[in-house]
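[1] predicted model, plus sequence, below.
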Amino acid sequence: MSDGKIRTAIVGAGKMGAIHAKVYSQLPDSELVAVVDLDANKAAELAGKYGCLACTDCEQILDKVDAVTISTPTVTHLKLARLFLRSRIPVLIEKPLASSVREGRKIVSLARRYDTVVAVGHSERCNPVVQAMKRLEIEPKFIEAHRVSPYPFRSTDVGVVLDIMIHDIDIVLSLAASKVKRVDAVGVSVIEGLEDICNARIVFDNGCIANLTASRLALKTERRVHVFSRQAYLSVDYLKKSGIIVKTAPNVNVVEWIKQQRESGELDLTSVNWPDLLHIEQLQIDDKEPVRLEQEAFLRAVRDRSFTPEVSAEEGLAALKCAQKIIACVKRHKWD
């Protein structure tokens, strides 16, 4: 570390790499020192924006960095993580952790062997809406997530489950806080050989059930989740960064009033507008950039091991395991 700052680098000069580079250049704890990409022109273009070193080989930066973000195709994650972890250089790996559970386990094993921080870039966990839900500390019984978008013309090395559903898998695992008991799923491949549309149902040991839908063939982008619990009902929109809470306790009087009116027969309940009776609150949301929160947590863990990243390697592996179970179900399902 130089001048108290953590020397950072980006591996992969694509869209996400550019986002990470921009944030690293703005964080007071970070000094962006290099961009690495197999395409020398891409590396030079992105590095030029921030006045840092451009390289085509990660070996060139091993003695120059304190932490690295890996934003490359999923199939390269293990190879790159191994290179840096063997030099005890912490890494933040863009989601998903790896291209298979087997490779994900190897990354987790390397992190433990070399006692080095590994974070996973499930940036949606850092979405202010998700952070707000986390603060409520509710115990969900049913979760419904809907994440669809037009075809992205990227991430073609993975299907929709590892491309976009993985976000909701990670969030659902975090909210349910229980082991996965059973998974069922169906999916359809339209554009290429991998699934483009998928619906999955996840049953947890604690009884919580989650229903997830993901598509990259929609006409518009939507990212919503509904959470049902005994304490409250939540409806949130990740894109608009907004949400509402209907809490159980303040509405107890409404329930009693309905019972009394029904028993007395004094009121035609068909004329009552249900939402008008409820106690509805707007979810209190901080408008902070998810990638910034993600990187701040990562660098804090790099500097002080008593802290953990927002999403650890173990959590990234758990999401990957669940995703692979869903993909296996999709492959087993016979339409004909």
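    That came in fine, so what should we check first? Every value quoted in this text rests on a predicted model; they were computed, and no experiment measured them.
[2] mind listing the helices for the stretch 101-250 of the chain?
    Using DSSP state H, counting those that start in this stretch, the helices of the stretch 101-250 of the chain run over residues 101-113, 128-136, 160, 166-176.
[3] can you list the buried residues in stretch 125-144?
    Within stretch 125-144, the residues scored as buried using 16 or more other Cβ atoms under 10 Å are 125-133, 138-140, 143-144. Backbone N, C-alpha and C define where each C-beta goes, glycine included.
[4] any chance of the helices of the stretch 101-250 of the chain in JSON lines, with mean pLDDT and distance to residue 65 too?
    Listed next are the helices of the stretch 101-250 of the chain as JSON lines, based on pLDDT from 0 to 100; distance: least, Cβ to Cβ, whole Å:
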{"stretch": "helix 101-113", "mean pLDDT": "97", "distance to residue 65": "17"}
{"stretch": "helix 128-136", "mean pLDDT": "82", "distance to residue 65": "29"}
{"stretch": "helix 160", "mean pLDDT": "94", "distance to residue 65": "33"}
{"stretch": "helix 166-176", "mean pLDDT": "95", "distance to residue 65": "27"}
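[5] export stretch 175-191 to CSV, keeping only CA atoms.
    Extracted as CSV, the C-alpha positions of stretch 175-191 are listed here (Å, rounded to 0.1, in the frame of the first residue of the first chain):
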residue,chain,number,x,y,z
LEU,A,175,-33.1,-13.6,3.0
ALA,A,176,-34.2,-17.2,3.6
ALA,A,177,-31.1,-17.9,5.8
SER,A,178,-31.6,-21.6,5.5
LYS,A,179,-30.3,-24.6,3.5
VAL,A,180,-31.9,-25.5,0.2
LYS,A,181,-34.1,-28.6,0.6
ARG,A,182,-35.4,-29.0,-2.9
VAL,A,183,-35.3,-27.3,-6.3
ASP,A,184,-37.6,-27.6,-9.4
ALA,A,185,-37.2,-25.6,-12.6
VAL,A,186,-38.1,-25.4,-16.3
GLY,A,187,-36.3,-23.4,-18.9
VAL,A,188,-36.4,-22.7,-22.7
SER,A,189,-33.5,-22.1,-25.1
VAL,A,190,-34.5,-19.7,-28.0
ILE,A,191,-31.5,-17.9,-29.3
